[in-house]
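Colleague: 3D, please:
(2 chains)
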Protein chains: 2
Amino acid sequence: MKKYLMTPGPTPVPEQIALAMAAPIIHHRTKEYIQLHEQARENLKKIFQTKNDIVIFSSSGTGAMEASVSNILSDNDKALVVEAGKFGERFSQLVNSFGAEAVVLKKEYGEFVSPDEIEEYVKKYSPKAIYMQACETSTGVYHPIDEIGKILKEKYPEIVFVVDGITAVGCIDIKTDEWGIDILLTGSQKAFMLPPGLAIASVSEKAKEIASQNKNKRYYFDILGELNAQAGHFTPPVTLILGLNAAVNMMLEEGLENVFRRHQFLAKATQEAVKVMGLELFAKRPSLSLTAVKSPQGIDSKQIIDIMDSFGVSISNGQGSMKGKIFRIAHLGYFYPPDIILTIGTLEISLKKLGIDKLGVGTKKALEIFVEY
Amino acid sequence: MKKYLMTPGPTPVPEQIALAMAAPIIHHRTKEYIQLHEQARENLKKIFQTKNDIVIFSSSGTGAMEASVSNILSDNDKALVVEAGKFGERFSQLVNSFGAEAVVLKKEYGEFVSPDEIEEYVKKYSPKAIYMQACETSTGVYHPIDEIGKILKEKYPEIVFVVDGITAVGCIDIKTDEWGIDILLTGSQKAFMLPPGLAIASVSEKAKEIASQNKNKRYYFDILGELNAQAGHFTPPVTLILGLNAAVNMMLEEGLENVFRRHQFLAKATQEAVKVMGLELFAKRPSLSLTAVKSPQGIDSKQIIDIMDSFGVSISNGQGSMKGKIFRIAHLGYFYPPDIILTIGTLEISLKKLGIDKLGVGTKKALEIFVEY
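Modeller: Alright, predicted model coming up:
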C-alpha cells in the first residue's frame, strides 16, 4: 500500500535526495570528499543563521545532545535543565551521566517554560549552562527561546545556552546568533529530509573555549576534535553528506524565508483544522513543526492512528505517559499543503468510523487557510 | 517543489518499482532474462483475464495499436472504427495508413457508443474487424465493451474485436475471454505504474490465425514474430520488464478484485465530489480510470490547472478541440484515497481563487464515500 508518512522523524525523503545518495561512494580522505564536507558545513551556517562553526557527527541526534553536555560540563557543575517532556528528561539523564548536577525546571507535559521562570532559576542556582528544547517533540510545545536567549545574552552572558533544535532547525526561524544560542543541535531525519544518521550542531566561540578546557571523559563526541579534523575526525557518513548537500541546496533554492513561511501555513492549517473539529491541542504553545492533539474522551489515540494507517497515512502516538492520550501530526520537512489536506481528511474519516462525525469540517478550514498560501 | 502527479499517464511510479528497475542490467539472451520475460507474459494473462498469448513490444502504446491493424487488416479490408475522441481517430489513421478502409462510427466528444449502433454498422458494412477504445482517454468515456463483446461473440464470431485498453487494463474489470476480445492492448505508463516504453497486447487464436495469413507490410510490429521469439524478437527493454514483474506482483498481491474495487472508490469519490460542487462531468458514461470535467462557464480549464500546479498537483487539460474546455483528473494506477482527497481539496482552492466558492463541498463528499472504503 502507498504510504503517506506524517511522523515527526523520520520524515519523507525527497526523490532528488535519494538520488543524490545513490551516487557512487567516494573515499572520505580524497580532495573531492573533503570539499563536499566543507561545503556542507559552510552551507549549514546559512540554515542555522549563524557565524559559528558547524560540527557534524555520524550518530543520531542524541549524539549531539551528549556532545553538548560532555564537552561543556565538568564534575559537580550545575546545569539548568528544562524538562517539559521526554526529550527534556533526556538532557537531565545526560547531565547526570557525565557527573554534573541537573537542576530541573519541570513543567507539566504540554506546558512551556516562561522567561521569568528561567531567570528565577538562574538567579537561584547560577548554572554554568542551560539545556532546553526549542520544540519538545514529545508534546509539540515550542518554548520562547527567543525571549530566553535575549535575556541570557544581555544579563548572563557567561552561561552556555544549549538548545535542542531537533524538530526546529530548518522549519522554524531560529536566529542562533541574535538569540545568543551557544550550541544549537539537530538531526538529519527531521527538517533536513534525510534518513537518520547525522547529528549537527553549531558551536559558539564561548562554547569552544569552555570545551577546550573541559577535562570530562569523551572521545567520539569530542567537539573540538571533530571541528579541527578535515572532513570528519572518524569515518564520516559519506552518503548522508551527499544527501545533506542536496537537502541544503533544496532549502536554499526554495529560500529560507519561504521554507519558514511554508511551515507556518502547514502548522496553522493543521492546528486550526483540528480545533474547529472540536479537538483540543495538547501544547499550550504549539510548534510549527508538529501538532499534538488530545484524543477525544473515551477514544484511545491508537484507535485513530490504526484507522488512518489502514489508509496508508502514518501519524504518531504520544510517548511514555502520553501514549494513547494524544496523537501527533508532523509537518516539518518535505511537506506541502496537499499533505495536510489528505491528513486532515483521513483524520476525519478515522473519527467518523469511531462515531465522531466532523466529516469535512477540519478539511474546509485547512482549505480556507491554504487559499492564502 | 513536491509534485503530486494526477495525470492519465504517466502515472506515479512506486518506489518499489523504481528500485526493481535500478537492479543491474541483465543480458537479454541469458537464461535468467528469458525466465523473467516468460514470467512477465504468464503473469500478464492473469491481469488480462485471458488464456490468450501475450505479446510485449518495446514501444509506446501506439505500437500495439499499429500491430493490431497491420497484422489483421489487408488492402481494401473494411474495418469499423469507433471514433469518440482523439484515440478513436488514431485508429482510423492507422487503418487508412495500412491500406484498409475505415468505416467510422462517429460519436460526439463525451458520448459513448451503444451496442445497437455497433450492430447496425456491422450489419450494414460487414467489417472484418472492429477497433475501439474501452476508455477513450481524451474524454473519459467508458464504452459498454462488455455488451458489445457479448453480441459480437454470439452473433458475429468471425469479426476480430480489437479493444484499446490503454487506460482500462489493470484498473477496470475487463473480462477478455468472456467478452470475446481478440486483441486487448495497453501501455506501461498507466495502471501498470511504470515509465512509458512497453506496449502489451493479448492475442486470440483467431487473431493469430488471421495474422499468419496476412501479407500486409510490417517488420517491427509483427505479432507472430514477437510471440514466437524467445524473450523478445528484438532487444527487449530489460529494465522495464524487471519493473513490469514488480508491478504485476504488486497487483496480484493486492488482489485483482481489490485493485478494481479501489479504482471504483477512487472514481466514485472523484465524480461525486465534482458533481456536488456544481461541476458537470464531460463523459456521459464516465470511466473508472479518469474523470473529465467541464470547466465552469467563463473559465479556461488552463486557469484551474495552473493554480493547482502552483500547489504541485498536476492534472490534465483537454486535448485538441477540448483544450481549455475540460480538465481531466486521473485515478488509475498508484493512487489511493488520500490522493483523491488532496486533489479535490486543491481543485476547490483553485476554483475559490477563480471566484467560485465551493470550499470543502466536494472534499466532504469524497470523505463520505471513503468512509465506506
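Colleague: drop to CA atoms for contacts and neighbour counts, all remaining ones
Modeller: Fine.
Colleague: and the closest residue to chain B within the stretch 101-250 of chain A, how many neighbours?
Modeller: Relative to chain B, the nearest point of the stretch 101-250 of chain A is residue A:250 (8.9 Å; Cα to the nearest Cα). When neighbours are counted by other Cα atoms under 10 Å in any protein chain shown, residue A:250 registers 18.
Colleague: what about it, distance to residue A:259?
Modeller: Applying Cα to Cα, to the nearest Å, the value for residue A:250 to residue A:259 is 10 Å.
Colleague: Surely the residue of the stretch 101-250 of chain A closest to chain B is within a strand?
Modeller: No. Applying DSSP: H, G, I helix; E, B strand; the rest coil, one finds residue A:250 to be helix, outside a strand.
Colleague: ok, it - contacts?
Modeller: Contacts for residue A:250 (Cα atoms under 8 Å, 6 or more residues apart in numbering or on different chains) come out as none.
Colleague: mind redoing it with 10 Å?
Modeller: Residue A:250 makes contact with A:14, A:16, A:17, A:192, A:244, A:256, A:259, B:1, according to Cα atoms under 10 Å, 6 or more residues apart in numbering or on different chains.
Colleague: Spit out the contact partners of the residue of the stretch 1-150 of chain A found nearest chain B.
Modeller: Proximity of the stretch 1-150 of chain A to chain B (Cα to the nearest Cα) peaks at residue A:2, 7.1 Å away. Neighbouring residues of residue A:2 by Cα under 10 Å, 6+ apart: A:311, A:312, A:313, B:14, B:15, B:334, B:335, B:336, B:337, B:338, B:339.
Colleague: Try it again at 7 Å.
Modeller: Going by Cα atoms under 7 Å, 6 or more residues apart in numbering or on different chains, residue A:2 touches residue A:312.
Colleague: any idea how far it is from residue A:311?
Modeller: 8 Å.
Colleague: Over to residue A:74?
Modeller: Taking Cα to Cα, one finds residue A:74 at 51 Å from residue A:311.
Colleague: repeat for residue A:47
Modeller: 35 Å.
Colleague: looking at it, residue A:163 is touching residue A:136, isn't it?
Modeller: No. With contact defined as Cα atoms under 7 Å, residue A:163 and residue A:136 do not form a contacting pair (10.7 Å).
Colleague: What's the end-to-end length of stretch A:195-213?
Modeller: Length of stretch A:195-213, first residue to last, Cα to Cα: 34 Å.
Colleague: average pLDDT for that stretch?
Modeller: When pLDDT is averaged over stretch A:195-213, the result is 98.
Colleague: Need the residues that contact that stretch.
Modeller: Against stretch A:195-213 from outside (Cα under 7 Å, 6+ apart): A:10, A:13, A:52-61, A:63-64, A:71-72, A:160, A:182-189.
Colleague: residues of it that come out buried?
Modeller: Of all the residues in stretch A:195-213, those buried under the rule 16 or more other Cα atoms under 10 Å in any protein chain shown are A:195-204, A:207-208, A:211.
Colleague: circling back to that earlier point, kindly list the main-chain dihedrals of the residue of the stretch 1-150 of chain A closest to chain B?
Modeller: Main-chain torsions, residue A:2, degrees, to the nearest 10: phi -70, psi 140.
Colleague: For chain B, what's its nearest residue on the stretch 151-300 of chain A.
Modeller: residue A:254 (8.2 Å).
Colleague: List the contacts of residue A:194.
Modeller: With Cα under 7 Å, 6+ apart, residue A:194 has these contacts: A:13, A:188, A:243.
Colleague: give me that answer again for 6 Å
Modeller: A:13, A:188 (Cα atoms under 6 Å, 6 or more residues apart in numbering or on different chains).
Colleague: Excluding chain neighbours, what is closest to residue A:256?
Modeller: residue A:47 (7.2 Å; Cα to Cα, 6 or more residues apart in numbering or on different chains).
Colleague: Show me the shaky parts of the stretch 201-350 of chain A.
Modeller: Within the stretch 201-350 of chain A, no stretch has pLDDT under 70.
Colleague: got it, and the stretch 51-200 of chain A?
Modeller: Counting by pLDDT under 70, the stretch 51-200 of chain A shows no low-confidence range.
Colleague: mind listing the helices for it?
Modeller: Assignment of helices within the stretch 51-200 of chain A using DSSP state H, counting those that start in this stretch yields the ranges A:61-70, A:86-97, A:115-125, A:145-155.
Colleague: how about the helices in the stretch 201-350 of chain A?
Modeller: A:205-213, A:223-228, A:238-254, A:256-276, A:301-310, A:337-353.
Colleague: want to throw these into TSV with distance to residue A:330?
Modeller: As requested, the helices of the stretch 201-350 of chain A are exported to TSV (distance: least, Cα to Cα, whole Å):
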stretch	distance to residue A:330
helix A:205-213	32
helix A:223-228	30
helix A:238-254	18
helix A:256-276	9
helix A:301-310	13
helix A:337-353	9
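Colleague: most tightly surrounded among the ones you listed?
Modeller: Mean neighbour count (mean count of other Cα atoms under 10 Å in any protein chain shown) peaks for helix A:337-353 among the helices of the stretch 201-350 of chain A, with a mean of 25.
Colleague: other SSEs contacting that helix?
Modeller: Here helix A:337-353 touches helix A:301-310, helix B:337-353, going by 3 or more Cα pairs under 6 Å, 6 or more residues apart in numbering or on different chains; DSSP states H and E.
Colleague: I'd like the next helix or strand past it.
Modeller: helix A:361-371 (DSSP states H and E).
Colleague: how about the residues of chain A that lie near chain B?
Modeller: A:338, A:341, A:342, A:349, A:360, A:364, A:371 (Cα under 6 Å from any Cα of the partner chain).
Colleague: Pick out the most distant pair among the residues you listed.
Modeller: A:349 and A:371 (22.8 Å; Cα to Cα).
Colleague: re earlier: out of the helices of the stretch 201-350 of chain A, which gets nearest to residue A:27?
Modeller: Comparing the helices of the stretch 201-350 of chain A by Cα to Cα, helix A:238-254 comes nearest, at 8.0 Å.
Colleague: any idea of the angle the closest one forms with helix A:256-276?
Modeller: Per axes from the mean of the first three to the mean of the last three Cα atoms, to 10 degrees, the angle that helix A:238-254 makes with helix A:256-276 is 90 degrees.
Colleague: And helix A:238-254, how far out from the chain middle?
Modeller: 17 Å (Cα atoms, centre = their mean, to the nearest Å).
Colleague: Please name the nearest non-neighbouring residue to residue A:361.
Modeller: Per Cα to Cα, 6+ apart, closest to residue A:361 is residue A:277, 6.1 Å.
Colleague: okay but residue A:106 is in contact with residue A:81, surely?
Modeller: No. Counting by Cα atoms under 6 Å, residue A:106 sits too far from residue A:81 to count as a contact (8.2 Å).
Colleague: ok, those two, which is more surrounded?
Modeller: residue A:81 (27 against 16).
Colleague: quick one: contacts for the more buried one?
Modeller: Contacts of residue A:81 (Cα under 6 Å, 6+ apart): A:103, A:104, A:130, A:131, A:132.
Colleague: With residue B:26 as the reference, measure out to it.
Modeller: 58 Å.
Colleague: quick one on the thing from earlier: please convert the helices of the stretch 51-200 of chain A to TSV, extending it with mean neighbour count.
Modeller: Converted to TSV, these look like this (neighbours: other Cα atoms under 10 Å in any protein chain shown):
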stretch	mean neighbour count
helix A:61-70	25
helix A:86-97	20
helix A:115-125	14
helix A:145-155	18
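Colleague: okay, how far is it across stretch A:15-28, tip to tip?
Modeller: End-to-end span of stretch A:15-28 (Cα to Cα): 24 Å.
Colleague: just how off-centre is that stretch within its chain?
Modeller: For stretch A:15-28, the distance to the chain centre is 24 Å (Cα atoms, centre = their mean).
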